[in-house]
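> next input, structure requested:
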Amino acid sequence: MKREFVLIITVLFSVVAVAQSYSPFIIVDQFGYLPAMPKIAVIKDPVEGFDSEQSYLPGSEFALVDAKTGEQVYTASIQQWKNGKTDESSGDRVWYFDFTNVTQTGDYFVLDVENNLRSYEFQISPSVYNEVLKHAVRTFFYQRVGFPKDEKYARKEWADGASHIGPYQDKNCRLFSEKANADTERDVSGGWYDAGDYNKYTSWTCDYVIEMMLAYIQAPDAWADNYNIPESGNGIPDLLDEAKWGTDHLLRLQFNDGSMISIVGESHASPPSSAHGQSLYGPPNTSATLSAAGAFAIASKVYRSIGLTAYADTLLDAALAAWDWADANPNVLFNNNDNAYNSSGLGSGKMEMDDYGRFTRKLRAAVFLFEQTGETAYRDFVDANYNEVHLMQWNYAYPFEPDNQTTLLYYANLEDATSSVAGNIKRVYKNAMNNGSENFPAQVDERDPYRAHLKDYTWGSNRNRATKGNMFLDMYLFDVDASKTEDALIAALGYIHYLHGVNPLNMVYLSNMYRYGADNGVNEFYHTWFTNGSAKWDRVGESDYGPAPGYLVGGPNPSYDWNPCCPGGCGSASNNAMCNSESIYPPKGQPNQKSYKDFNTSWPLDSWSVTENSCGYQVAYIKLLSKFVNLQFDCNGDEMGEAFIDTCGNCAGGLTGVTPVTNPDECSAAGPGTNVIRTSLGGITVFPNPASDWLTVTLLSDEGYFQLYDLEGKLLLQTCLEKESMIDISSVVPGIYFLSVESNEKILKQKIVKN
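Model prediction:
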């Protein structure tokens, strides 16, 4: 760079235009909204909880602003929720700004006109969730056991070798009680890390496969073949390619008699390929075998439907063998990680089921096997036992038994189901959803000011929210109540908006989605790979890369507490000091919806009950979101368009006017434009990113304007620009920020990491 052409600017605070500051209290879905559906921003005033020392009195007029032109395209007054009542579950007073009437595709933000405060930017587009779904599904690729995460598919940020395929690991796994006995060796390779731990629980893996199959059956047109996994481009939707990784693993777990290994316990390290400890498996049990019978049966249906006939036959044979063994062995139990079974240390979560759990797994297997074989014995089992399901006993539908409720509804829609049984199931479900204080009545009453009512907040509350959304959709997917189709869609979208930021924390509950539209999201969560203190993968903006994108975390959990050994009984002074290494308020001591903290500290602060991911959470969310994806539109909102999200997270090509970036070396992981060496748009170029003390901005025109904001929307720096400018950011503390550069009617907005 020739120094005579460089203007070195110490940032001035002169104002050349009235800047709008971001407000954390003007809350929107940070990805955006579908054109034809309701669009409601939530405005909050915190009254109770950790943020109650702040306050916000909104102005009388709000506007929807076109983010590219600055034009106010719609204005209206706001409406107060419940006449100013403070909501107990969130601790907030709330108002609504309804801009449903705006349907034009574009980038927008919500503006409090009087206070000159604005929301995060978002899109209105028929394709607004397409890219989000892609990355939510891709988390399963990162969770694959025994498969290399090549840079081509994982980017350099999360590239890693295949895990758990070394000596005494998954290819030569031994029975947990006979570690030295080579005669017990089995190939148990494949499958997914179940959550933040690496163990593989057979029954739960079966659940994930079944949910993927249902997601495909219910929305077959939502699934693309371009998710950038190794199987992409093979003519099979990538969701089904990913599910096949799971079903192939399950087939390896089946003994010749049809029984299924119950669990595979794995060693742990970061990255996963550095875990070298011995893999061990648990013996067969009835619950895992019944679970597999159901998974194999419904997978057989789906893979047969796409032409994989031989594979479908293999799966159906496996399903029949599993059913026969479990039917003959109804009470074979095995408790992992249990001293009474001499299994301490084998796995983490408890995978064994009670009598009711085994019964409902058998019922599910019977439903899917009846559909695939037509054998009336399976139908007879369902007809004789369906009234034992809690939905039928209690006339109550709730998010803690979604599998059982869906099983009955699935059966009720089979062509050869007993008509009286099918009618009874639909009648009970319809009544359960329409009556009482929960479900549709809670929506009509606007019980939750954030428009996603949940009665019980527990460990994994975000999964329950996704499940609630699916419960509403089941009303029309299973032809329960056609009059509720529109209401069901609106209710389900409320739960999506909640997970995408319309919540008291103004937080996207997906990890590291900054590159794909999030502005304030999960920066870290409990996971062995993305472990606390990792220089590479701990926290977005502090570690090199942060965690991989798209993981749904557990969510608010008011039952959170530190380990019982705290504050003074953890074994040593240094251990005790860890109890007070950071505040636990939040998540502790908060209104339900604020019982969350963006942290991943393990023992003794035990963050896993708040932030850990789970494949179970993930499939519930994927299944829900897929109902609102439209592959007929590209990322620019153009029908049958050719624009796509490039390697840096920008919508490029097609009619966008943006040249796609194809070299991954120009981008990294932390956000849209984050860790990008050089970012360009419309003749504006900003580099480097991350930056230490100086940013360089070049323009095609002779003048421009620069602004820098923190994540809460506070304007930190602003200055005029010349054709080539260097901006001093040395006074800014390390972290993630927003920058905006305007020049020649073009605006470049992105996140930037300050080291």
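> send the alpha carbons of stretch 168-176 over as PDB?
Only the C-alpha atoms of stretch 168-176 are listed here, as PDB (Å, rounded to 0.1, in the frame of the first residue of the first chain):
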ATOM      1  CA  TYR A 168      -9.800 -51.500  21.000                       C
ATOM      2  CA  GLN A 169     -12.300 -48.900  19.700                       C
ATOM      3  CA  ASP A 170     -15.500 -49.200  17.600                       C
ATOM      4  CA  LYS A 171     -14.200 -51.500  15.000                       C
ATOM      5  CA  ASN A 172     -13.200 -54.000  17.700                       C
ATOM      6  CA  CYS A 173     -15.400 -53.100  20.500                       C
ATOM      7  CA  ARG A 174     -15.800 -55.500  23.500                       C
ATOM      8  CA  LEU A 175     -18.500 -56.200  26.000                       C
ATOM      9  CA  PHE A 176     -18.100 -53.900  29.000                       C
END
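> Gly546 touches Trp537, doesn't it?
Yes: using C-beta atoms under 8 Å, Gly546 makes contact with Trp537 at a distance of 6.5 Å. Backbone N, C-alpha and C define where each C-beta goes, glycine included.
> so which of the two has more stuff around it?
Between Gly546 and Trp537, counting by other C-beta atoms under 10 Å, Gly546 is the more crowded of the two (31 against 26).
> so the more buried one, which state does it fall into?
Of the three states, Gly546 takes coil according to DSSP: H, G, I helix; E, B strand; the rest coil.
> which residues touch it?
Applying C-beta atoms under 8 Å, 6 or more residues apart in numbering to Gly546 gives the contacts 511-512, 523-524, 530, 537-540, 669-670.
> just give me the closest of those residues to Pro148.
Pro148 has its nearest neighbour among the contacts of Gly546 in Trp537, at 17.1 Å by C-beta to C-beta.
> surely the closest one touches Pro547?
Yes: counting by C-beta under 8 Å, Trp537 does reach Pro547; the two are 5.9 Å apart.
> now for those two: what residues contact both?
Contact criterion C-beta under 8 Å, 6+ apart; residues shared by Trp537 and Pro547: 529-530.
> mutual contacts of Gly546 and Trp537, please.
Taking C-beta under 8 Å, 6+ apart as the criterion, Gly546 and Trp537 both touch Phe530.
> what about the chain, any weak spots by pLDDT?
Counting by pLDDT under 70, the chain contains low-confidence residues at 1-19, 664-682, 712, 755.
> give me the residue at the spatial middle of it.
In the chain, the centroid-proximal residue (C-alpha atoms, centre = their mean) is Leu552; its distance is 2.9 Å.
> for that residue, list the residues it contacts.
Listed by C-beta under 8 Å, 6+ apart, the contact partners of Leu552 are 136, 462-463, 466, 499, 509-510, 613, 617-618, 621.
> take those and keep only those in helices.
With DSSP state H as the criterion, helices contain 136, 462-463, 466, 499, 617-618, 621 from among these.
> which of those residues sits closest to Ala322?
Among those, Gln618 lies closest to Ala322 (C-beta to C-beta), at 24.8 Å.
> what's the local residue count around that closest one?
25.
> likewise Glu745?
So Glu745, with other C-beta under 10 Å, has 9 neighbours.
> and Trp204, that one's in a helix?
Yes: assessed by three-state DSSP, Trp204 belongs to a helix.
> switch to numbering from 13
In the new count, where the first residue is 13, that last one comes out as Trp216.
> now the strands for the stretch 163-312 of the chain?
For the stretch 163-312 of the chain, the strands defined by DSSP state E, counting those that start in this stretch occupy 186-187, 212-213, 275-277, 292-293.
> perfect, that will be all.
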